[in-house]
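# Following is a predicted model, sequence given first.
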Amino acid sequence: MASGDQAIIDFKLGHKKIGLFLSEVKEIIEPIPAIKVPMTHPFFKGFISLRGEVIPLIDSPKVMHTEENPYNKEDEKYVIASAGRKKMALLFMRLAERIRTLPKYLLSARNRRQMVCF
């Protein structure tokens, strides 16, 4: 990987593939029970407690309008990602088991907003 290139890890949502910058992914965990909060947005699944830290859980398939899951429920993962100084957990249907790199010239501020969903 050349200097300035960014690594991206791929996840699956139904038949769609989503890439997250590896630098923003803190860890990938097996799903744990979430505390549901009544009268919230349908994308918000609740909060999880991870090592004493309360983290919001986002239902990525609903965000991307991909609720049909062609994979086993056991393949689901929670991706703990950072958004600035805050963390969030994102539900993904499956890890695509692939890390790829994007060259530095593709990562201008304009292109970066268009290429990454989260």
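Sure, I can see it.
# Strands of the protein, residue ranges please.
Per DSSP state E, the chain carries strands over the ranges 6-13, 16-21, 25-29, 44-50, 53-58, 77-83, 86-92, 94-102.
# The first one: which residues count as buried?
Residues of strand 6-13 classed as buried by neighbour count (16 or more other C-beta atoms under 10 Å): 6, 8-13. (Each C-beta comes from the backbone N, C-alpha and C, glycine too.)
# ok, now the shortest one?
Neighbour counts over strand 25-29 (16+ other C-beta under 10 Å) mark Val25 as buried.
# Please give the centre-to-centre distance between it and its chain.
9 Å (C-alpha atoms, centre = their mean, to the nearest Å).
# Name every strand pairing with it and say which way it goes.
strand 77-83 (antiparallel) (DSSP bridges).
# Tell me what angle the strand it pairs with forms with strand 6-13.
Here strand 77-83 runs at an angle of 140 degrees relative to strand 6-13 (axes from the mean of the first three to the mean of the last three C-alpha atoms, to 10 degrees).
# Thank you, goodbye.
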